[in-house]
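A.B. asks: Sequence and predicted structure, then a few things I'm wondering about:
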Amino acid sequence: MSNTTRKKQFLYTLSFIEGGIVMSTELVGAKILAPYFGTSLYVWACVMALTLGGLACGYFVGGRLSVQKNHEKILMTSVLCAAIYICCLPMLTFLFVYLASNFSLIPAVLVSSSVVLFPPVFIMGMVSPLIIKSITTTHEEVGKKSGEIYATSTLGGICFTFITAFYSIPQWGLTITLIINAGLLAAFSVFYFAKRKTFFPILFFLASIFFSFKTIHKNPSTLYLEEGLLGKLEVEDRIYKTDTNSEMVRYLLINNIIQSCVDVKTNQSKLIYSNVLAQNLSLVNPKAKTALVLGLGGGVISNMLIEKNMQVTAVELDGRVIDVAKKYFKLSADINIIEDDARHALYQLNNKYDIVVIDLFAGEVTPSHVLSEECFSKIKSLLSSDGFIFINTYGYLTSKAGQGNQILLNTLKQAGFASTICYSGDVEHEDYRNLLLFASVKQQTALNASLPKNKIPVFETGLTTTDNKPIIEFANANAVKRWRFSYLRNFILYKTP
């Protein structure tokens, strides 16, 4: 095999790996930011825009640098720089999240995304034009070689997207995935510089790996920590202080957002909304015997219903949550658990239920496909004659932040339900409360913790959300932004070591 053939094989392989690592870095970068800023529409828009922006700038600069005589050295130096930066991402994220916390949410996301994603993607964007220059010998070949390189790079992106999403993140977590990606990318530069007996860049890369491993730490109070495609899942024990005493409580967190909180000794919920459901259960349907819970969390609601001698079926998409609920939150063995997407599971069920609980916050985002008119119609067909739906949602009803809940209430009405709005938390301040919707086909009596009539505005919109026009996630964007920013300041930065 000639040197020219080996060189081409080397560079085509580099193009495949580089394209794959661009996509892998985008996925991992979004997941790194998720514990601080969530996975809302705003965050993904920033991630996608900065990825594309970084590639565009990289293509432009790489094209300009490709005319240099030492373009191959520039190529390998760029590859090594990208690998070093990828290794340092966890440490840089930790640093810039604190700096960005001085801004409101969207500028904070933009600043952090710019630091996490733009530089490595920009550097990797330079690679393709430089490779094209290195493998092209005549002007007639430029179009052909360009097509081959970009196709190879894109194919690598497709492969690495599946590998990262379905294997490396669930198996190894974010930091190890980044280190492996960086190692794959750096291997090409290491080979290039070692062959020329230039070892300083190699030592610099090894140092970046060392510092990257130093960022892998576990809070002493953390009982369980795993990063996966569906988010960072964590179980943590902390001291909960009140004016009169202090007690140990256990949190279940997804992307740093509390999903469940119980007293370690009694396993009783510390979240008020579960108490509101318990108080109103006898008022809404005192004869309730069967329940369907969409969204298991730590199993607090499911356990409470079991204690009331009900038959409970719980649906949970994330298998890790099921395992954690059993191991750390004393999930009752009497609960029938279905590991599935809530919407898909609904269409597989034929039983009748007296209660359907929708508590599907994955972090701070509720999947819109479970809140559509068609989905509520399906739930209606599964309800007994006296059955009702209980929905835990954001505390907003006014301004742009409240549009999502207004659409949700309109959608319930369109599907044939009458709704009563209750609350947990601070009734006066929307940022510090949850709304709890009790919806049934029959008109309801007065409930405990009902939202006062003077707190319910005249709805500004008559819109509903459907499968064909799923507008609720977009309508909730302002609520997510406002709620996440408050949570970032009051909990996330406080708990991060």
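C.D. replies: Everything's here; your move.
A.B. asks: Look at residue 302 and say how many residues are nearby.
C.D. replies: The burial metric for residue 302, expressed as a neighbour count using other CB atoms under 10 Å, is 29. For the C-beta atoms, the positions are set from N, CA and C on the backbone; glycine is no exception.
A.B. asks: wait, what's in contact with it?
C.D. replies: 291, 293, 296, 312, 314, 331, 332, 335 (CB atoms under 8 Å, 6 or more residues apart in numbering).
A.B. asks: Bridge partners for the closest residue to the third one other than its chain neighbours, pull those for me.
C.D. replies: Spelled out, it's residue 296. The spatially closest residue to residue 296, leaving aside those adjacent along the chain, is residue 316, at 3.7 Å (CB to CB, 6 or more residues apart in numbering). Taking DSSP bridges as the rule, residue 316 bridges to residue 339.
A.B. asks: For residue 316, which residues are in contact?
C.D. replies: With CB under 8 Å, 6+ apart as the criterion, the residues that contact residue 316 are 295, 296, 322, 337, 338, 339.
A.B. asks: Pull out the buried members of the residues you listed.
C.D. replies: 295, 296, 322, 337, 338 (16 or more other CB atoms under 10 Å).
A.B. asks: for these, which one is nearest residue 355?
C.D. replies: residue 295 (13.5 Å; CB to CB).
A.B. asks: Tell me the spacing between the closest one and residue 341.
C.D. replies: Going from residue 295 to residue 341 by CB to CB, to the nearest Å gives 11 Å.
A.B. asks: Wasn't residue 87 part of a helix?
C.D. replies: Yes - note on residue 87: a helix contains this position according to DSSP: H, G, I helix; E, B strand; the rest coil.
A.B. asks: Can you verify my assumption that it contacts residue 179?
C.D. replies: Yes - under the criterion of CB atoms under 8 Å, residue 87 lies in contact with residue 179, with a separation of 6.1 Å.
A.B. asks: out of those two, which sits in the more crowded spot?
C.D. replies: Applying other CB under 10 Å to residue 87 and residue 179 shows that residue 87 carries more neighbours, namely 28 against 21.
A.B. asks: which intervals of this structure have sub-threshold pLDDT?
C.D. replies: Along the chain, the model assigns pLDDT under 70 to residues 1, 35, 38-41, 94-105, 199-219, 229-230, 242-243, 362-365, 444, 485-497.
A.B. asks: The stretch 251-400 of the chain: helices as residue ranges?
C.D. replies: Secondary structure of the stretch 251-400 of the chain (DSSP state H, counting those that start in this stretch): helices located at 272-284, 300-307, 319-328, 342-346, 373-382.
A.B. asks: Single out the most deeply packed of those.
C.D. replies: Relative to the other members of those, helix 300-307 carries the highest mean neighbour count by mean count of other CB atoms under 10 Å, namely a mean of 23.
A.B. asks: and the angle from it to helix 319-328?
C.D. replies: 50 degrees (axes from the mean of the first three to the mean of the last three CA atoms, to 10 degrees).
A.B. asks: circling back: could the buried ones among the contacts of residue 316 go into a markdown table alongside distance to residue 165?
C.D. replies: As requested, the buried ones among the contacts of residue 316 are arranged in a markdown table below (distance: CB to CB, whole Å):
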| residue | distance to residue 165 |
| --- | --- |
| 295 | 22 |
| 296 | 22 |
| 322 | 20 |
| 337 | 24 |
| 338 | 23 |
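A.B. asks: Show me which of the residues you listed is closest to residue 481.
C.D. replies: Of all the buried ones among the contacts of residue 316, the one with the least separation from residue 481 (CB to CB) is residue 295, at 22.2 Å.
A.B. asks: Redo the contacts of residue 316 as TSV? Include distance to residue 279.
C.D. replies: Supplementary listing: those in TSV, determined by distance: CB to CB, whole Å:
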residue	distance to residue 279
295	20
296	22
322	28
337	26
338	28
339	31
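A.B. asks: ok, of those residues, which one's closest to residue 163?
C.D. replies: residue 339 (22.8 Å).
A.B. asks: check contacts around the closest one.
C.D. replies: Contact analysis of residue 339 by CB under 8 Å, 6+ apart lists 316, 317, 319, 322.
A.B. asks: Make TSV out of those residues and add distance to residue 265.
C.D. replies: Formatted as TSV, the contacts of residue 339 follow (distance: CB to CB, whole Å):
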residue	distance to residue 265
316	25
317	30
319	28
322	24
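A.B. asks: from the residues you listed, which two are the most distant?
C.D. replies: The largest distance within the contacts of residue 339, taken as CB to CB, falls between 317 and 322 and amounts to 9.6 Å.
A.B. asks: Select, out of the helices of the stretch 251-400 of the chain, the one closest to residue 228.
C.D. replies: Evaluated with CB to CB, these place helix 319-328 nearest to residue 228, the distance being 6.3 Å.
A.B. asks: and that closest one, what other elements does it pack with?
C.D. replies: Judged by 3 or more CB pairs under 8 Å, 6 or more residues apart in numbering; DSSP states H and E, the packing partners of helix 319-328 are strand 222-228, strand 231-241, strand 246-254, strand 336-339.
A.B. asks: Burial-wise, tell me which of those strands comes out on top.
C.D. replies: Using mean count of other CB under 10 Å, the stretch among the helices and strands packed on helix 319-328 with the greatest mean number of neighbours is strand 246-254 (a mean of 19).
A.B. asks: That strand pairs with which strands, and in what direction?
C.D. replies: In the sheet containing strand 246-254, the strands it pairs with under DSSP bridges are strand 231-241 (antiparallel), strand 257-263 (antiparallel).
A.B. asks: May I see those organised as JSON lines, with distance to residue 371 added?
C.D. replies: What follows is those, written out as JSON lines (distance: least, CB to CB, whole Å):
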{"stretch": "strand 231-241", "distance to residue 371": "20"}
{"stretch": "strand 257-263", "distance to residue 371": "18"}
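A.B. asks: Specify the stretch among these that is closest to residue 304.
C.D. replies: With CB to CB as the criterion, residue 304 lies closest to strand 257-263 of the strands paired with strand 246-254, at 10.8 Å.
A.B. asks: returning to what we had before: residue 442: which of the helices of the stretch 251-400 of the chain is closest?
C.D. replies: Put simply, out of the helices of the stretch 251-400 of the chain the one that sits nearest residue 442 is helix 272-284, at 9.6 Å, with distance taken as CB to CB.
A.B. asks: returning to that earlier point: which two among the contacts of residue 302 are spaced furthest apart?
C.D. replies: Put simply, by CB to CB the two of the contacts of residue 302 set farthest apart are 291 and 331, 14.6 Å from each other.
A.B. asks: tell me the domain ranges of this protein?
C.D. replies: Residue ranges for the domains of the chain, per automatic domain parsing: 3-214, 272-495.
A.B. asks: quick one: which of these is nearest residue 244?
C.D. replies: When the domains of the chain are ranked by proximity to residue 244, the top entry is domain 272-495, at 17.5 Å, counting by CB to CB.
A.B. asks: Cool, thanks, talk later.
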